[in-house]
Every structure is written in C-alpha cells, then in structure tokens.
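Colleague: only geometry, no sequence info:
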C-alpha cells in the first residue's frame, strides 16, 4: 500500500545504509591502523588478552636486557681475571727465584720491588674495575630473568686485591719468598675457580637469552593473531561495504521517489 505518512521502504533503506556506512568506516579504520581491535567494543575479551600478552613481551624483553647486562659484567670480570692471572703467574716466577739460595740479598730486594708493583697492580684491578658505575669484584648480585620472583640467577665475584687474596708476605728472605709462592699459588686457584664459575653462569645466561627470544617471538605471534587486522579479509570487506553503500544510496533514492509518485496521483 502506498502511503504519504510513513515511508517504510525509506526507513529500511536508511537503516541499512547506516549499517553499511558503519561497516565501511570500521573497515577503513582497520586497514589504516593495521589493527583488528581499535576500541574495546571491537573485541573486549580479545583486547584484554592482547594487552596481557603485550605486557608479557615487555617483561621478557627487560629480562633479556637484564641477562645481557649480566653477561657484559661477567665478560668484564673475566677479562680482568686474565690480567690478574698473568700478574700472579709472574709473581710465582719471581717468588721461586727469590726462594733460591743462589739469589743474593740485593737480588731479592730487586725482586721484592717488582713484587710490590704486582701487589699494587692487583689492588688497582680490584678497585678500578667497574661496570655501569658498580664495583665488579667482591660482589654478589641476583639477575632477574623472568616474570616470577624465583626466576633469578645469582652471581658472585671474588675480590682480587692483595689483602683479600692473602698476599701479605715479601721476598726479602728465602723463607718469605717461599711463603709468597704458597700465597700466590692459592690466589691463582681462587681466581681461576671464580673464572670457571663465571663462565658457567655466562653459558646459562646465553641459553636463557636464546630461550627468552623464542618466547618473545611466539607471544608476539599470538598477540598479532588477536590484535592485528587480516588485510586480505578487510580488503574484501571494503569492496563489499562500498557496494552496499552505493546500492543503499540508490535504494533510498528509489524509496523516496515512491512518495513523490503517490503525490503525483493528486495532481
């Protein structure tokens, strides 16, 4: 029935046109942002999951940086350990020479002067070696490498100054030289043992860094599946809504024309 009071066809066409325009606008937004979820109403549950995954990625990223920082600190210690071992090896050599009965007092005095220089060099290595402003030797610290409080790696370094290593004797006498040789031998064992411990920690950290990297990749993929737009599907939607929008405009025009046709009957 034709009516001039209520144009039902026009109302339906207007409603459908509004729906197609909304769909077109949302499709354009998804294509322009690259995201399937741009507001909470797009997918409230998906947005919550995606945000949680993003937080996990940030946490793991920081854990990886923590592990890399620890590796840098360990590498610094290992490099200085090598120099310390070289100094201690030289100290053992001159101690053996000073302990010999064939070495004169003057010779021992000269060797002792070199020994004192080695002691000072060891002290300087201990006090001057720093990483990011913090002392490297004689410290213990924990490296956080995950989300849980239990996911930590504890690292310790021995102090390498003369007093801490027990290097207290001198080479001025044969007996003193023998004492120094024993002290130096023990110091070499202590430093070498700590180097081995640090090497094991570095190996563990490297394994964790690789593992964290894989976890980040997997979580990023999961977040992308939830948050990112399917470009191919959205291009299809774009074409669909463009066609619907055009046909909707035509349908609305046709519906409005029907009212004009009714009025023409009165002429």
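Modeller: Thanks, I have it. None of these values were measured; they are calculated from a predicted model.

Colleague: hang on, isn't residue 96 packed against residue 181?
Modeller: Yes. If you go by C-beta atoms under 8 Å, residue 96 and residue 181 touch, sitting 6.0 Å apart. (C-beta placed from N, C-alpha, C; glycine too.)

Colleague: More neighbours: those two, which one.
Modeller: residue 181 (21 against 15; other C-beta atoms under 10 Å).

Colleague: Helix, strand, or coil at that one?
Modeller: Using DSSP: H, G, I helix; E, B strand; the rest coil, the structure places residue 181 in helix.

Colleague: the longest helix in this structure is where?
Modeller: Scanning the chain for the longest helix, with DSSP state H as the assignment, gives helix 44-99.

Colleague: next SSE after it?
Modeller: helix 105-128 (DSSP states H and E).

Colleague: List the strands paired with the helix or strand just after that following helix, with their directions.
Modeller: Per DSSP H and E, the first helix or strand lying C-terminal to helix 105-128 is strand 130-131. Taking DSSP bridges as the criterion, strand 130-131 pairs within the sheet with strand 134-135 (antiparallel).

Colleague: And the longest helix of the chain, what does it pack against?
Modeller: helix 105-128, strand 130-131, strand 140-144, strand 152-156, helix 174-227 (3 or more C-beta pairs under 8 Å, 6 or more residues apart in numbering; DSSP states H and E).

Colleague: contacting residues for the closest residue to residue 206 other than its chain neighbours?
Modeller: Nearest non-adjacent residue to residue 206, counting by C-beta to C-beta, 6 or more residues apart in numbering: residue 71, 7.0 Å away. Applying C-beta atoms under 8 Å, 6 or more residues apart in numbering, one finds that residue 71 lies in contact with 202, 205, 206, 209.

Colleague: Any chance of those residues in CSV with distance to residue 171, neighbour count and pLDDT as columns?
Modeller: Formatted as CSV, the contacts of residue 71 follow (distance: C-beta to C-beta, whole Å; neighbours: other C-beta atoms under 10 Å; pLDDT from 0 to 100):
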residue, distance to residue 171, neighbour count, pLDDT
202, 36, 19, 96
205, 41, 22, 96
206, 42, 13, 96
209, 46, 18, 95
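
Colleague: leaving aside the residues next to it on the chain, what's closest to residue 164?
Modeller: Nearest non-adjacent residue to residue 164, counting by C-beta to C-beta, 6+ apart: residue 138, 6.6 Å away.

Colleague: With residue 192 instead?
Modeller: residue 85 (6.8 Å).

Colleague: Quick check: can you list the domain ranges of the chain?
Modeller: Per the record, the chain has its domains at 8-34+229-261, 57-227, by automatic domain parsing.

Colleague: quick one on the thing from earlier: ok but the residue nearest to residue 164 is inside a strand, no?
Modeller: No. Counting by three-state DSSP, residue 138 is located in no strand; its state is coil.

Colleague: who's in contact with it?
Modeller: Contacts of residue 138 (C-beta under 8 Å, 6+ apart): 126, 157, 158, 159, 160, 161, 164.

Colleague: out of those residues, who's nearest residue 193?
Modeller: residue 158 (8.3 Å; C-beta to C-beta).

Colleague: Go ahead and confirm that closest one touches residue 186.
Modeller: No. Between residue 158 and residue 186 there is no contact under C-beta under 8 Å: 11.8 Å.

Colleague: From the neighbour counts alone, determine which of these two ranks first.
Modeller: Each of residue 158 and residue 186 has its neighbours counted (other C-beta under 10 Å); residue 158 has more, 20 against 14.

Colleague: In three-state terms, label the more buried one for me.
Modeller: Taking three-state DSSP, the label given to residue 158 is coil.

Colleague: quick one, phi/psi of it?
Modeller: Backbone geometry at residue 158, expressed as degrees, to the nearest 10, gives phi -80, psi 150.

Colleague: In contact with the closest residue to it other than its chain neighbours, which residues?
Modeller: Sequence neighbours aside, residue 194 is the residue nearest to residue 158 in space, at 4.6 Å (criterion: C-beta to C-beta, 6+ apart). Contacts were defined as C-beta under 8 Å, 6+ apart; by that measure residue 194 touches 81, 156, 157, 158.
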